[in-house]
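A.B. asks: I'd like to go over a predicted model; first the sequence, then the structure.
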Amino acid sequence: AAIVEARYGKDNVRVYKVHRDEKSGVQTVTEMTVCALLEGDIEPSYTDADNSVVVATDSIKNTIYIKAKENPVTPPELYASILASHFVDTYKHIHAAHVKVIVHRWTRMTLDGKPHPHSFFRDGNETRNVEVTAREGKGIEVRSSISGLLVLKSTGSQFHGFVRDEYTTLPEVWDRILSTEIDSTWKWNNFESLRSVRASVPKFDKAWAAAREITMKLFAEENSPSVQNTMYKMCEHILKAVPDVDTVEYSLPNKHYFEIDLSFHKGIKNTGADTTVYAPQSGPNGLIKCTVGRK
Ligand SMILES: O=c1[nH]c(=O)c2nn[nH]c2[nH]1
């Protein structure tokens, strides 16, 4: 037997960092969950119990905190690239590092119409994420994403014209609820070095804001003929808005809301156009995925 591939490290490292602006007294917080996994000449630790090649996961955890202390933690693309590059540059037997950063939402409170200097709230489970791979001699791959953004529209969604055969019971619909949890990822053109990531720092927040705005605007404004078509348009718009992005991918659950026929009770009309009461479904759910590139 032989190792085909291996990587190891520390997962679920929770990091909080505060920036205190002395002049204004305004404090800004960032909270993230970090995973850092190393790859390289580490087979002997698996095959021969030779721990001389192991950078302990505890040391990896320490490094995550030290790099957060020494460097900016925003944009997450920069922090993740600094962290991943550190491992490849520091240990000659480590040839790749994979870092995932999940940034949680602490949205500043607005009280009496004014932003509060040091109070925040968690407005939703949506997160901004980055996955970085630094590979020796091969630069830095960066994938940014939005996940957990739960959306619903009460109309403006349809689904008809699909295959009808002996397996089909789904009625065609011209007006339905559409709800999904946005998972949108945009992959940046390869960065040849940490220096080129730093040069692109102004682009990362703008790209995230554009992807989020495009996603919600198209979701809301399209009279969607299907999840497939609407997600494809989201990809097209993001590719147009962010020239340095190579591909965009979406993975969208279709979280169904079913009509409930209540006619058994005094002939209540609650189907088709008369439906006002629905049964939200926890499962099964549709799952629609695509990756779109530049032709
Ligand atoms: O948007 C949709 N796409 C599909 O592929 C599908 N299948 N059932 N309902 C559906 N809705």
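C.D. replies: Thanks, I have the structure now. As the structure is a computational prediction, the values presented were derived from the model and not from experiment.
A.B. asks: Give me every residue in the stretch 101-250 of the chain lying close to the ligand.
C.D. replies: 159, 170, 226-228 (C-beta under 6 Å from any ligand atom). For glycine as for every other residue, the C-beta is placed from the backbone atoms N, C-alpha and C.
A.B. asks: before we move on, which element is residue 77 in?
C.D. replies: Assigned by DSSP states H and E, residue 77 belongs to helix 76-90.
A.B. asks: Mind telling me which residue of the stretch 51-200 of the chain is nearest the ligand?
C.D. replies: Minimum separation of the stretch 51-200 of the chain from the ligand (C-beta to the nearest ligand atom) falls at residue 159, amounting to 4.3 Å.
A.B. asks: picking that back up, for the helix holding residue 77, name the packing helices and strands.
C.D. replies: Contact analysis of helix 76-90 by 3 or more C-beta pairs under 8 Å, 6 or more residues apart in numbering; DSSP states H and E lists strand 27-40, helix 57-70, strand 94-104, strand 127-135, strand 139-153, helix 194-199, helix 201-221 as its packing neighbours.
A.B. asks: how about a cut-off of 6 Å?
C.D. replies: Applying 3 or more C-beta pairs under 6 Å, 6 or more residues apart in numbering; DSSP states H and E, one finds that helix 76-90 contacts strand 94-104, strand 127-135, helix 194-199.
A.B. asks: Turn these into TSV, columns for distance to residue 252, mean pLDDT and mean neighbour count.
C.D. replies: As requested, the helices and strands packed on helix 76-90 are arranged in TSV below (distance: least, C-beta to C-beta, whole Å; pLDDT from 0 to 100; neighbours: other C-beta atoms under 10 Å):
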stretch	distance to residue 252	mean pLDDT	mean neighbour count
strand 94-104	19	99	22
strand 127-135	16	99	23
helix 194-199	29	98	15
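A.B. asks: Can you lay out the ones you listed as CSV showing distance to residue 72?
C.D. replies: Formatted as CSV, the entries for the helices and strands packed on helix 76-90 read as follows, by distance: least, C-beta to C-beta, whole Å:
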stretch, distance to residue 72
strand 94-104, 12
strand 127-135, 13
helix 194-199, 10
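A.B. asks: Check the residue of the chain most remote from its centre and give its pLDDT.
C.D. replies: Relative to the centre of the chain, the most outlying C-alpha is that of residue 266, 47.7 Å out, by C-alpha atoms, centre = their mean. Taken from the predicted model, the pLDDT recorded for residue 266 is 98.
A.B. asks: Reduced to three states, what does it come out as?
C.D. replies: The three-state label for residue 266, taken from DSSP: H, G, I helix; E, B strand; the rest coil, comes out as coil.
A.B. asks: Let me know the distance separating it from the ligand.
C.D. replies: Distance from residue 266 to the ligand, counting by C-beta to the nearest ligand atom, to the nearest Å: 31 Å.
A.B. asks: Report the two of the residues of the stretch 101-250 of the chain next to the ligand separated the most.
C.D. replies: Farthest-apart pair in those is 170 and 228; separation 15.2 Å (C-beta to C-beta).
A.B. asks: neighbour-wise, which of those two wins?
C.D. replies: Neighbour comparison, residue 170 and residue 228: the larger count goes to residue 228, with 15 against 11 (by other C-beta atoms under 10 Å).
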